[in-house]
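Asker: I'd like to go over a predicted model; first the sequence, then the structure.
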Amino acid sequence: MKIALLEDELSQAETLVAQLKENGHDCEHFETGKSFLYSVLHNSYDLLILDWQLPDIEGTEVLRQVRAEMNWRVPVLFLTQRDSEADIITALDAGADDYLVKPARIGELTARINALSRRLGTEQAEQEELEIGPYVINLSKRTIISSGEEVSLTDKDFDLAVFMFQNIGRLLSRDFLLERVWGISSNINTRTVDTHVSRLRRKLNIKPENGFRIKTIYQHGYRLERGGD
Ligand code: CA
């Protein structure tokens with residue numbers, strides 16, 4: 001998973017990043033609430049880990065801004081020294097999905113990360129057919145019906161469409177799409193993404209009249225949004 005970690009204690013952060021990497025996660029670390037927020041709102045992370053006490057903004061305020069400004073409900077785990085029941089309630093009420101008290105035991109942290117990721121994945125995997133606006137996506141037959149007519153798509157176009165419809169409202173960077181849809185980790189072929197996205201937009205007639213639009217986020221990527229106007 002692609003994880004963003006907000007932690008102002010450098011040694012703690014380094015240990016965590018190394019441990020998470022060992023467990024197969026790709027973890028980026030930020031020391032201030034401000035730099036964390038900027039990156040999180042302009043990139044595609046699967047999970048956020050937040051410290052509470054920070055030099056600039058409190059972790060709970062960072063969370064509030066994430067929930068207010070991001071259209072996609074990214075899983076958030078609090079990792080903090082604060083261990084009172086009142087603190088835990090405050091964080092969960094503010095929209096955190098899980099809470100761990102420092103020092104984190106890496107086995108437990110990994111298990112909780114996996115649980116959050118499963119929760120996210122299974123909500124989508126259970127359905128074989130997704131009916132979204134004028135689109136009917138059949139995951140086993142690999143077909144998409146748009147306004148009653150089947151659309152002819154290449155394998156990659158289909159995978160891209162499914163990924164975008166499973167991540168409505170989420171900012172999807174070109175690198176992230178290459179990694180998740182094409183299985184490529186380099187950022188050499190980002191033009192490939194542009195070509196496929198524009199073809200998808202045309203073939204599926206993704207436009208406000210059909211209840212959706214693919215918004216291009218300058219220099220960052222794309223976001224499939226609901227809304228006709
Ligand atoms: Ca701290």
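Answerer: Right, received. Where do you want to start?
Asker: and the chain, what are its domain boundaries?
Answerer: Using automatic domain parsing, the domains assigned to the chain come out as 2-124, 129-226.
Asker: tabulate those domains (a markdown table), appending mean neighbour count and mean pLDDT.
Answerer: Heads up, the C-betas are built off the backbone N, CA and C, glycines and all. Putting the domains of the chain into a markdown table (neighbours: other CB atoms under 10 Å; pLDDT from 0 to 100) gives the following:
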| stretch | mean neighbour count | mean pLDDT |
| --- | --- | --- |
| domain 2-124 | 17 | 94 |
| domain 129-226 | 16 | 92 |
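Asker: quick one: closest of those domains to the ion.
Answerer: domain 2-124 (4.1 Å; CB to the ion).
Asker: so how far is that closest one from its chain's centroid?
Answerer: Computed by CA atoms, centre = their mean, to the nearest Å, the chain-centroid distance of domain 2-124 equals 13 Å.
Asker: and that domain with the ion, contact?
Answerer: Yes - using CB under 5 Å from the ion, domain 2-124 comes into contact with the ion via 8, 51, 53.
Asker: tell me who's in contact with the first one.
Answerer: Spelled out, it's D8. Shown in contact with D8 (CB atoms under 8 Å, 6 or more residues apart in numbering): 31-32, 51, 53-55.
Asker: residues in contact with the residue nearest to F36 when sequence neighbours are not counted?
Answerer: Nearest non-adjacent residue to F36, counting by CB to CB, 6 or more residues apart in numbering: F30, 3.8 Å away. F30 is in contact with 4-7, 36, 39, counting by CB under 8 Å, 6+ apart.
Asker: let me see the ranges of the strands in the chain.
Answerer: For the chain, applying DSSP state E gives strands covering 2-6, 26-30, 47-50, 76-80, 98-101, 129-132, 135-138, 143-146, 149-151, 172-173, 212-217, 221-226.
Asker: still on that earlier bit, mind picking the two most distant members of the contacts of F30?
Answerer: E7 and S39 (13.7 Å; CB to CB).
Asker: on that earlier part again, measure the residue nearest to F36 to L177 for me?
Answerer: For F30, the distance to L177 equals 23 Å [CB to CB, to the nearest Å].
Asker: now do L10
Answerer: In terms of CB to CB, L10 sits 32 Å off from L177.
Asker: please apply the same query to A18.
Answerer: Going from A18 to L177 by CB to CB gives 28 Å.
Asker: and what of L47?
Answerer: 18 Å.
Asker: ok, now V40?
Answerer: Here V40 is placed at a distance of 17 Å from L177 (CB to CB).
Asker: now swap in E61 and tell me
Answerer: Plainly put, E61 is 31 Å away from L177 if you go by CB to CB.
Asker: name the residue closest to the centre of this protein, please.
Answerer: Centrality entry for the chain: nearest residue to the mean C-alpha point is D46, 4.0 Å, by CA atoms, centre = their mean.
Asker: what sits against that residue?
Answerer: The contact partners of D46, by CB under 8 Å, 6+ apart, come to 1-3, 74-75, 117, 120.
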